[in-house]
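Novice: have a look; sequence and predicted model below, questions after that.
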Amino acid sequence: EETTPTPAPQPKKKDKVAPKNLVIPPKKPKLSKAERRALQEAQRAAKGVVQKDSTKTAKNVKKPDSGKANNNSSNKTADNATRQSANSKKENQNVGKVLGLFEHLPKYKGAELFSGRVSLNTDAKLKLHPAVTELGYKYANGTIRGANTRCRAMLEVFKTVIRDYQTPKDGKNQHQLSLDLDHEVKTIFQYWTTHCRTHSVSMGNAMTFLKSVIASLPRDINMEEAKELLCEQIDAYNHERIHLAGQAIAEHALRKIQNGDVLLVYVYNEAVLNILINAQRSGKQFRVILVDSRPLMEGREMLDKLLAAVSGNIECTYILLNSLSYVMKDVTKVFLGAAALMSNGSVLSRVGTAGIALMAHACKVPVLVCCETYKISARVQLESITYNEMGDPKQLEVLPFDDEGKKGKENLTLLNLLYDLTPAEFVTGIITEMGILPPSSVAVLLREMNPQENMTYR
């Protein structure tokens with residue numbers, strides 16, 4: 001019989017022996033989330049103490065005397081200058097600080113324009129019309145506010161630029177007129193958005209309309225005829241989409257106002273103002289509660305224009321936003337304005353609008369939003385963080401800080417958001433020039449509109 005050979009036994013692996021001088025530290029215990037957070041806070045506190053000690057030691061170091069009076073005086077002036085510059089830098093850093101949640105938003109540019117650190121015409125090769133820089137400065141310092149007002153001003157400046165436009169003397173023919181005008185208009189619009197203030201949805205839609213009109217110019221058209229045609233189209237857009245739309249909204253809203261109503265409105269809005277004036281002139285008897293908020297206090301302008309238009313024949317109550325809960329029990333309808341209307345039915349408007357709509361929804365008071373169709377955006381937005389605009393943070397400082405308050409100011413971050421988003425479930429109806437629609441019908445209205453008006457200029 002054949003026997004299978006048994007395999008030879010393999011030698012056992014020797015266990016590794018650690019060197020005698022090697023010291024292995026014990027494993028660190030696993031920390032919980034709360035313990036790790038406490039450890040990080042302690043490390044930050046220790047780091048802050050070290051930095052304070054280093055600044056104190058740097059202040060206590062005395063500079064060697066020069067022995068000359070002139071040098072002493074020059075050193076003092078230099079020290080004062082450096083201190084002032086350091087203080088101004090600290091203030092600017094505090095103003096420029098933004099919470100991490102809003103770092104993606106463009107910063108407020110008005111302070112840079114006022115201080116002169118940034119020129120209105122930053123590019124030497126960029127030759128802008130004087131009306132363009134003037135309007136850009138008004139955008140930046142807040143002289144012109146409101147979606148309709150900003151859009152009207154933009155269209156008027158475009159008319160001025162088109163009238164004064166001359167074809168470059170570099171051999172270009174009339175066939176390239178539309179290309180030249182398109183480039184000129186686009187450059188101006190980008191200048192306003194980049195150096196002055198972020199454009200609104202209404203401005204973007206008007207810009208898209210103007211670009212489509214320029215692109216559709218006949219190739220054999222005369223320059224003067226092209227200018228006249230473009231100005232006529234701009235006037236027609238301004239008259240139909242803004243002026244007549246506001247009148248149609250006022251007529252549609254009149255059917256919702258009854259005698260004895262108590263109407264609540266918020267800050268200044270042109271469409272809401274036209275509704276109240278039209279209702280009073282139609283013989284409706286109602287009372288108005290006007291809600292205002294800091295820092296812009298636009299409700300004062302709304303109150304002045306309303307009382308002046310109706311000769312004081314409307315009973316008005318002026319309150320601040322923090323008093324809203326006390327008067328909401330008397331309100332029968334809420335009329336709100338809009339800066340933009342998203343395709344999912346949500347409303348982008350002045351900050352504070354969402355709080356009023358939420359309070360009215362909780363009290364079962366109908367909320368009617370007044371918005372022209374040229375403010376509709378194809379974008380879908382669910383919150384107020386992704387898309388918003390930053391205002392001047394210094395407007396939030398009510399009183400100047402004293403010496404003790406300046407120490408705490410270094411840790412203070414001022415956040416001045418201009419808009420908030422009102423969800424569609426808080427809105428009862430949207431009043432447009434097409435009629436009164438539910439928020440769910442905004443997408444249908446957007447689809448039925450002209451495709452060139454569906455797009456938002458990017």
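Specialist: Great, that's in hand.
Novice: below-threshold pLDDT in the stretch 351-458 of the chain: ranges please.
Specialist: Scanning the stretch 351-458 of the chain for pLDDT under 70 picks out the ranges 399-409, 450-458.
Novice: please enumerate the helices of it.
Specialist: Counting by DSSP state H, counting those that start in this stretch, the segments of the stretch 351-458 of the chain that form helices are 353-362, 403-409, 442-448, 451-454.
Novice: so how far is the third one from its chain's centroid?
Specialist: The gap between the average C-alpha position of helix 442-448 and the chain average comes to 25 Å, counting by Cα atoms, centre = their mean, to the nearest Å.
Novice: alpha carbons of that helix, as CSV, please.
Specialist: Extracted C-alpha coordinates of helix 442-448, given in CSV (Å, rounded to 0.1, in the frame of the first residue of the first chain):
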residue,chain,number,x,y,z
VAL,A,442,-48.2,80.5,-10.3
ALA,A,443,-46.4,77.7,-12.3
VAL,A,444,-49.3,77.5,-14.7
LEU,A,445,-49.3,81.3,-15.2
LEU,A,446,-45.5,81.2,-15.8
ARG,A,447,-45.9,78.5,-18.4
GLU,A,448,-48.6,80.4,-20.2
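Novice: mind listing what's buried in that helix?
Specialist: 442-443, 445-446 (16 or more other Cβ atoms under 10 Å). To be clear about C-beta, it is placed using only N, CA and C from the backbone, and glycine gets the same treatment.
Novice: out of those, which comes closest to Val185?
Specialist: Nearest to Val185 out of the buried residues of helix 442-448 is Leu446 (Cβ to Cβ; 24.4 Å).
Novice: wait, that closest one sits on Tyr374?
Specialist: No: using Cβ atoms under 8 Å, Leu446 is not in contact with Tyr374; the gap is 11.5 Å.
Novice: look up how far Asn238 lies from the closest residue to Tyr237 other than its chain neighbours.
Specialist: Once flanking residues are discounted, Tyr237 sits nearest to Phe209: 5.8 Å by Cβ to Cβ, 6 or more residues apart in numbering. Separation of Phe209 from Asn238 (Cβ to Cβ, to the nearest Å): 11 Å.
Novice: now swap in Lys30 and tell me
Specialist: Using Cβ to Cβ, we find Lys30 at a distance of 67 Å from Asn238.
Novice: between the two, point out the one with more neighbours.
Specialist: Using other Cβ atoms under 10 Å, the more surrounded residue of Lys30 and Asn238 is Asn238, with 18 against 7.
Novice: so who does the closest residue to the more buried one other than its chain neighbours touch?
Specialist: What sits nearest to Asn238 in space, not counting adjacent residues and going by Cβ to Cβ, 6+ apart, is Leu155, at 5.5 Å. With contacts defined as Cβ atoms under 8 Å, 6 or more residues apart in numbering, Leu155 is in contact with 206, 210, 234, 237-238.
Novice: check what pLDDT Leu155 gets.
Specialist: The model reports Leu155 with a pLDDT of 97.
Novice: to the chain's geometric centre, what's the distance from the strand or helix carrying it?
Specialist: Using DSSP states H and E, Leu155 sits in helix 147-164. Distance, stretch centre to chain centre, for helix 147-164: 21 Å (Cα atoms, centre = their mean).
Novice: for whichever helix or strand comes after it, packing partners?
Specialist: Using DSSP H and E, the helix or strand that directly follows helix 147-164 along the chain is helix 177-195. Contact partners of helix 177-195 among helices and strands, from 3 or more Cβ pairs under 8 Å, 6 or more residues apart in numbering; DSSP states H and E: helix 130-141, helix 147-164, helix 201-215, helix 223-237.
Novice: Asp392: which of those helices is closest?
Specialist: Here helix 130-141 is closest among the helices and strands packed on helix 177-195 (Cβ to Cβ), at 9.1 Å.
Novice: quick one, that closest one and helix 201-215 angle?
Specialist: Computed by axes from the mean of the first three to the mean of the last three Cα atoms, to 10 degrees, the angle separating helix 130-141 from helix 201-215 equals 160 degrees.
Novice: what's the angle from helix 130-141 to helix 147-164?
Specialist: Using the same axes, to 10 degrees: helix 130-141 against helix 147-164 is 160 degrees.
Novice: right, I'll leave it there.
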